[in-house]
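Peer 1: 3D model of this:
(chains A and B)
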Amino acid sequence: DTAVSQTPKYLVTQMGNDKSIKCEQNLGHDTMYWYKQDSKKFLKIMFSYNNKELIINETVPNRFSPKSPDKAHLNLHINSLELGDSAVYFCASSATGGDSPLHFGNGTRLTVT
Amino acid sequence: KQEVTQIPAALSVPEGENLVLNCSFTDSAIYNLQWFRQDPGKGLTSLLLIQSSQREQTSGRLNASLDKSSGRSTLYIAASQPGDSATYLCAVSGDYKLSFGAGTTVTVRA
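Peer 2: Numbers count the residues shown, from 1 in each chain, chains lettered A, B, ... in the order given. Alright, predicted model coming up:
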C-alpha cells in the first residue's frame, strides 16, 4: 500500500491553463504539506495543513490554491500556469506538525510549455 | 529565517570507503533533524530522524549526529556500496514545516 500517493506523476500543459494535482495519505496523519522542488533540486515548503486547516502559506502566488476536503486529502489547484511553475511538486504528511517524521509522495513533474 | 547548508554539494568515492556528509543550520530552535535520500526521478525516503534532545541515531550502516548548539549534523555511511549512490538531503523541523538543504549528491564507484 502506498502511504502518500499523488496523481498525476507527470503533467505537461500550456501556459495559461488551469491544472490540479491530487494527494491522498492513508497513514491517519493530521498534517499534510505541499513542497516544490525547482530545477536546482532545492525543496521549499509551499503549504501546510493541519486537520484541514491552513497553517502555513509560504508566500506562494494566489494562483496556487490548496484544498483539503478531509484530513486524508490535500489537493493543489493552479490557475493561469506560467513557465516558472515548471517543477516537481511533492505532497507529504506527518502525524503532527512539528516533531514527527515526514512521509513524501513520489512527486508530480509539471512542465509548462 | 532558517537557513540550511550542506557541504559538499557532490561527492565521489570508491566502493568500501566511508562517507561523511555535513549539514549546518542557522536557527537552533528546532524540533528535530531528518536525513532523506532521493534517487533520480523519485520521491524522498526518510533515513534517520534525530529529535532535538538526542545526540545521534543509528540505522544499520548509517549514523547521524546532531549538535544543536553549534547548528550541525553529520551523516556517516560506513562501507559505501554502489547502491548508496543518491542525493542526500538534510532538513530541520520547525512549526509545521521542514527547511531543507540543497543536498549532497553521492556517487559510489564500483
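Peer 1: C-alpha from now on. contacts and neighbour counts both.
Peer 2: Fine.
Peer 1: Spell out which parts of chain A neighbour chain B.
Peer 2: Counting by C-alpha under 8 Å from any C-alpha of the partner chain, the residues of chain A close to chain B are A:31, A:33, A:41-45, A:48, A:55-56, A:90, A:96-99, A:101-107.
Peer 1: Run through the strands of chain B in chain order.
Peer 2: For chain B, strands defined by DSSP state E occupy the ranges B:4-7, B:10-14, B:19-25, B:32-38, B:44-51, B:56-59, B:62-67, B:72-77, B:86-94, B:97-100, B:104-109.
Peer 1: got CSV for those, with mean neighbour count and mean pLDDT too?
Peer 2: Putting these into CSV (neighbours: other C-alpha atoms under 10 Å in any protein chain shown; pLDDT from 0 to 100) gives the following:
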stretch, mean neighbour count, mean pLDDT
strand B:4-7, 20, 95
strand B:10-14, 15, 96
strand B:19-25, 21, 97
strand B:32-38, 22, 94
strand B:44-51, 20, 92
strand B:56-59, 14, 95
strand B:62-67, 19, 97
strand B:72-77, 20, 97
strand B:86-94, 24, 93
strand B:97-100, 24, 88
strand B:104-109, 19, 97
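Peer 1: among those, which is nearest residue A:62?
Peer 2: Closest to residue A:62 of the strands of chain B, according to C-alpha to C-alpha: strand B:97-100, at 19.5 Å.
Peer 1: which residues sit against the closest one?
Peer 2: The contact list for strand B:97-100 (C-alpha atoms under 8 Å, 6 or more residues apart in numbering or on different chains) reads A:33, A:42-45, A:48, A:56, A:97-98, B:2-4, B:89-93.
Peer 1: what's the distance between that strand and the middle of its chain?
Peer 2: Distance of strand B:97-100 from the chain centroid (C-alpha atoms, centre = their mean, to the nearest Å) equals 13 Å.
Peer 1: Show me what it pairs with in its sheet, parallel or antiparallel.
Peer 2: Strand pairing for strand B:97-100, determined by DSSP bridges: strand B:86-94 (antiparallel).
Peer 1: Just the C-alphas of the strand it pairs with, formatted as CSV.
Peer 2: Extracted in CSV, the C-alpha atoms of strand B:86-94 (Å, rounded to 0.1, in the frame of the first residue of the first chain):
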residue,chain,number,x,y,z
ALA,B,86,21.8,9.1,-4.5
THR,B,87,21.2,12.6,-3.3
TYR,B,88,21.1,13.0,0.5
LEU,B,89,19.1,15.8,2.0
CYS,B,90,19.0,17.1,5.5
ALA,B,91,16.0,19.0,6.8
VAL,B,92,15.3,20.7,10.1
SER,B,93,11.9,20.8,11.6
GLY,B,94,10.1,24.0,12.8
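Peer 1: May I have the strands that pair with the helix or strand of chain A with the lowest mean pLDDT, each with its orientation?
Peer 2: Every helix and strand in chain A was compared by mean pLDDT, DSSP states H and E; the lowest is strand A:53-57, with a mean of 88. In the sheet, strand A:53-57 lines up against strand A:43-50 (antiparallel) (DSSP bridges).
Peer 1: contacting residues around the partner strand?
Peer 2: Under C-alpha under 8 Å, 6+ apart, the answer for strand A:43-50 is A:30-37, A:54-60, A:66, A:68, A:71, A:96-97, B:96-102.
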